[in-house]
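# Kindly return the folded structure for what I paste below:
(2 chains)
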Amino acid sequence: MHMADALLSPAVGATFWAGTLGTIGYCARKLKENMDEKMIPLMGVLGAFIFAAQMINFTIPGTGSSGHLGGGMILAILLGPYAGFIVMASVLTIQAFFFADGGLLALGCNIWNLGIYPCFIAYPLIFKPLAGSGASPKKITIASLISGVVALQLGAFSVVIETLLSGRSELPFSTFVLMMQPVHLGIGIVEGFVTAGVINFVRASRPEILESAASARPLSGGISTGRVFAGLLIAAVLTGGALSWFASSNPDGLEWSIAKVFGKPELPEKETGIATALKSVQEKTAFLPDYSFKKPEGAKERGGPSWPSVDPGTSVSGIVGSALVLAAVLLIGLIIRALRRKSACRTK
Amino acid sequence: MFDNEYFNLGYLDTLSYRDTVIHRLDPRAKLIATVLFIVTVVSFPKYEIAGLLPFFLFPVLLFSLADVPVKFILKKVLLVSSFAVFIGIFNPVIDRRIVYSLLGVPVSGGWISFLSIMLKFFLTITSALLLIATTSFPGICHALQKLGLPEIFVSQLLFLYRYLFVLTEETMRIVRARDMRSFGGKGKGMKAFVHLAGTLFLRTVERAERIYQAMLSRGFAGRLHSVRSYRFSGADAAFVGATIAALYLFRAHDVVGAIGRFSMRVF
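Sure, this is the predicted structure:
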């Protein structure tokens, strides 16, 4: 799931870019310290491999729909977290440039969502402890399944946070979370199984590749891991603290309109297992439950953003102006094009 | 679908090797201008529509000056399955306050903010695609390195880009072979995929080893060098300066409103 420019505010986009660039710099330094040159072509070609493998669709059992590989977990397991992160970042960069997946401002968020969580949380904290050193196929399968699910859940949750902080979408926190997390649970399970399959396949035919990944490039020592987490924490605090004033401009009207649509202040929630579990998780995560966006009660009466308060006179001139500007822009383009054609003909 | 994507990738690459005023600009100038443009567009508040319209001048100028095929880019923008569209469409559903009446038709705040998201989506995505269509990807990598990104990341991007075409071609053969052997969708499951991807991975690792040997025999010592050199000239500075001035004008002043009021007074 790619975050998009149009849903972002500049402050949120810039913050995640800062976090992403910091991590790229950190990984580059780490890799420079203890990397043999052989890794440079290997990383490059593996990036192309992830890209190519994403293009092979497969059918997901039981649903009939088709899925494809994400790749973050595979890279972290095969290359270690630092090189894995750099490769994942490069894959996402190419996608942003050539396929317009998300856009350039959102690229910082996307690298964060799809790179940081598999490489620096799911791999060192879940995959490595679960898989152990002399891992059996069964252990690898379980470890990749759980780490794949966790990485995607965190990524999906980040998308929700980024969207809410930017305040361009009307979706309330609880609805958005309930929409994103279950979908990504499914995607995470598929990703986990595919990751496990590829890792086990590689392990069966070329076990030394996995061994070298596990021994040569470990997440070195507790101090550096701590530093990564400190960075994550600082970025999170920055995002939450400095940007809260960027959040939705009229949250009360939003709650009010939901009440009008559904007759209840919140969207109706099915009390199924996942929903209740998520609800309790949401209540426990003190970071950004939806009430933290509320303004004082009086704010509602004063009306929301400036748009509704325009008087008819100025809005007519606004529409006239808009039409003229669009026409002028189009005309400029057409004229330049015509002139170019003409000069091209003449030179021929 | 698959062949199409591949074709698009190659076509964007060919476009970037044309020779026009825009193509000749330094990649750094274009990258900086594009990033400033995107940030300015995105900085508009949720309900802004009129203020975004003058910004269409930027893509229109690039389209016409760089001679980029409009249809090709527009098709790419419209076909891109966007998260923004998917999330934005909830705004009209949730925000139903009537804020405006257009010729007697009531318009809700949700539709206005949705339209604003769509305009931003179009502007940001188009400008990103135009950047790649007027600047070769190696050029962008060069700009990134000059702007301070770690060398290892930049060489990673260059390598990925170089072998992207090789590996997608190989993958295309694999997918074609699988499709020819699978009747009624059989054999397209996860198990077959794992074997295909695993084989592709092993081949890729072996390819990397061969590449490394080839690089060593050509004197590789940890750095990638580029033959082409770029220079940040006066024209580049003028381009960036003009972009900044225009962005400031369009962002800080109500251009649309001024033109509208002026024309109403004239007619």
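# hmm, stretch A:318-336 in reach of chain B?
Yes - remark: stretch A:318-336 sits within contact range of chain B at A:318-322, A:324-326, A:329-330, A:332-334, A:336, by Cβ under 8 Å from any Cβ of the partner chain. Where C-beta positions appear, they are placed from N, C-alpha and C, glycine not excepted.
# If any of those residues are buried, put those into a ChimeraX selection.
Of those, the buried ones go into a single ChimeraX selection, burial set by 16 or more other Cβ atoms under 10 Å in any protein chain shown:
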select /A:318,320,321,322,324,325,326,329,333,336
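# just curious, which of the residues of stretch A:318-336 next to chain B is nearest to residue B:20?
If you rank the residues of stretch A:318-336 next to chain B by distance to residue B:20 using Cβ to Cβ, residue A:336 comes first, at 11.0 Å.
# What helix or strand is that closest one located in?
Assigning secondary structure by DSSP states H and E places residue A:336 in helix A:312-347.
# so where do the strands sit in the stretch 1-150 of chain A?
In the stretch 1-150 of chain A, the strands defined using DSSP state E, counting those that start in this stretch lie at A:58-59, A:66-67.
# weakest of those strands by average pLDDT?
Mean pLDDT values for the strands of the stretch 1-150 of chain A show the minimum at strand A:66-67, a mean of 68.
# how many neighbours does residue B:245 have?
Each residue near residue B:245 was counted by other Cβ atoms under 10 Å in any protein chain shown, and the total is 10.
# Lowest average confidence across helices and strands of chain A, where is it?
Of all regular secondary-structure elements in chain A, judged by mean pLDDT, DSSP states H and E, the least confident is helix A:251-262 with a mean of 37.
# Strands of the stretch 51-200 of chain B, residue ranges please.
Secondary structure of the stretch 51-200 of chain B (DSSP E, counting those that start in this stretch): strands located at B:98-102, B:105-108.
# so which of those comes closest to chain A?
strand B:98-102 (3.8 Å; Cβ to the nearest Cβ).
# low-confidence ranges in the chain?
Using chain A here. A:1, A:62-67, A:134-135, A:212-315, A:317, A:346-348 (pLDDT under 70).
# other chain: chain B
Counting by pLDDT under 70, chain B has low-confidence residues at B:1-8, B:81-82, B:185, B:222, B:226-227.
# Can you pull the domain assignment for it?
Residue ranges for each domain of chain B read B:1-135+B:230-253, B:150-222, as given by automatic domain parsing.
# from the chain's centre, how far out does the last one sit?
The chain centroid and the centroid of domain B:150-222 are separated by 24 Å under Cα atoms, centre = their mean, to the nearest Å.
# got the contact list for residue A:5?
A:13, A:102-106, B:38, B:42, B:84, B:120-121, B:124-125 (Cβ atoms under 8 Å, 6 or more residues apart in numbering or on different chains).
# next one: residue B:192
Applying Cβ under 8 Å, 6+ apart, we find residue B:192 in contact with A:58, B:178.
# Also the one 5 residues further on?
Contacts were defined as Cβ under 8 Å, 6+ apart; by that measure residue B:197 touches A:53, A:56, A:69, A:194, A:197, A:198, A:201.
# Check residue A:92 too.
Taking Cβ under 8 Å, 6+ apart as the contact definition, residue A:92 lies against A:101, A:107, A:110, A:111, A:114, A:115.
# Does the residue of the stretch 51-200 of chain A found nearest chain B lie in a helix or a strand, and which?
Minimum separation of the stretch 51-200 of chain A from chain B (Cβ to the nearest Cβ) falls at residue A:197, amounting to 3.2 Å. For residue A:197, the enclosing helix or strand under DSSP H and E is helix A:173-205.
# Generate a ChimeraX selection restricted to the buried subset of the contacts of residue A:92.
The ChimeraX command for the buried members of the contacts of residue A:92 (criterion: 16+ other Cβ under 10 Å) is given here:
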select /A:101,107,110,111,114,115
